[in-house]
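1. following is a predicted model, sequence given first.
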Amino acid sequence: MKTAKKTGKIEKIKFSDGKSLFSLISDSPAVIGLCGQMAAGKNFVAEALCSCSPEKCVSIDLDSTVHAAIKCLEPQILEAFSADAKKAGLVLQKEDGSINRRALGALVFSSPALLKKQENLVYPKTVFLVKQFLQENKGKTVLLNATVLYKTPELLNLCSKIYFVTAPFAKRLARARRRDGLSLCQILRRFNAQKNLLAEYKKTKIPLTLIKN
């Protein structure tokens, strides 16, 4: 896999511009970071890009991959967070013994320290699963659909480009409330945690395309 060239180039397109969207998938295989804030429409854009050239382009949703990693690491996570959950009045285990991901999310997003603690546990396994997917799809363009890809430099450094999906605040808020079933307070807390997200990707100097959704 080719790693990114540090150019700092930034391009802007509108999602509604089909011609520009189609041009985002080249004939040469690549690893591309598909990033953006919560509820900006990354999944929608990923589906559209892959449908432009299904034989050449695939995507992997890192949220789903993180969930798979959490499933693999359930005993370690329960051991690490049970005391914190008890203090917060949250129950981390469902009746079947599996992790209540919504309760875990509410816990870790309440504190930067707890979020970092979860990332240190989960990200190494996530990186392993993503690299496995890349190997299985060698020869294709792979979109790494992730909000905080910059937190896994090992994956970010594989990317030759970053596509950053943006959307107006009100639209993102409406989507998140309709889609995730979270309280307004929880959504705003997550939005706030991602307020400097674009700046993090600009720092990388990897060629950046802003997709206005």
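-> Now that the structure is in, tell me what you want to look at. None of these values were measured; they are calculated from a predicted model.
2. can you show me the helices along the protein?
-> With helices called from DSSP state H, the chain shows them at 18-23, 42-52, 62-72, 74-88, 101-108, 112-136, 153-156, 169-180, 184-193, 197-203.
3. residues touching the third one, excluding its own?
-> Under the criterion CB atoms under 8 Å, 6 or more residues apart in numbering, residues 77, 98-99, 101, 104, 122-123, 125-126, 129-130, 133, 144-147, 149 lie in contact with helix 62-72. In this view, the C-beta of every residue, glycine as well, is placed from N, C-alpha and C.
4. could I have the CA atoms of that helix written out in PDB?
-> The C-alpha trace of helix 62-72 is given here as PDB (Å, rounded to 0.1, in the frame of the first residue of the first chain):
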ATOM      1  CA  LEU A  62     -15.000   1.500  11.200                       C
ATOM      2  CA  ASP A  63     -17.900   2.100  13.600                       C
ATOM      3  CA  SER A  64     -19.000  -1.500  12.900                       C
ATOM      4  CA  THR A  65     -15.500  -2.700  13.000                       C
ATOM      5  CA  VAL A  66     -15.100  -1.100  16.500                       C
ATOM      6  CA  HIS A  67     -18.300  -2.900  17.500                       C
ATOM      7  CA  ALA A  68     -16.800  -6.100  16.300                       C
ATOM      8  CA  ALA A  69     -13.600  -5.400  18.300                       C
ATOM      9  CA  ILE A  70     -15.700  -4.600  21.400                       C
ATOM     10  CA  LYS A  71     -17.500  -7.900  21.000                       C
ATOM     11  CA  CYS A  72     -14.100  -9.700  20.900                       C
END
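5. give me the angle between it and helix 42-52.
-> Between helix 62-72 and helix 42-52, the angle comes out at 110 degrees (axes from the mean of the first three to the mean of the last three CA atoms, to 10 degrees).
6. mean confidence for helix 62-72?
-> Helix 62-72 shows a mean pLDDT of 93.
7. related to what we said a few turns ago, filter the contacts of helix 62-72 to the buried ones?
-> Taking 16 or more other CB atoms under 10 Å as the criterion, what is buried in these is 77, 99, 104, 122-123, 125-126, 129-130, 144-147, 149.
8. which one of those is nearest to G89?
-> L104 (13.8 Å; CB to CB).
9. and the pLDDT at that closest one?
-> Note on L104: pLDDT of 93.
10. list the contacts of it.
-> Going by CB under 8 Å, 6+ apart, L104 touches I70, I77, F81, A85, L92, Q118.
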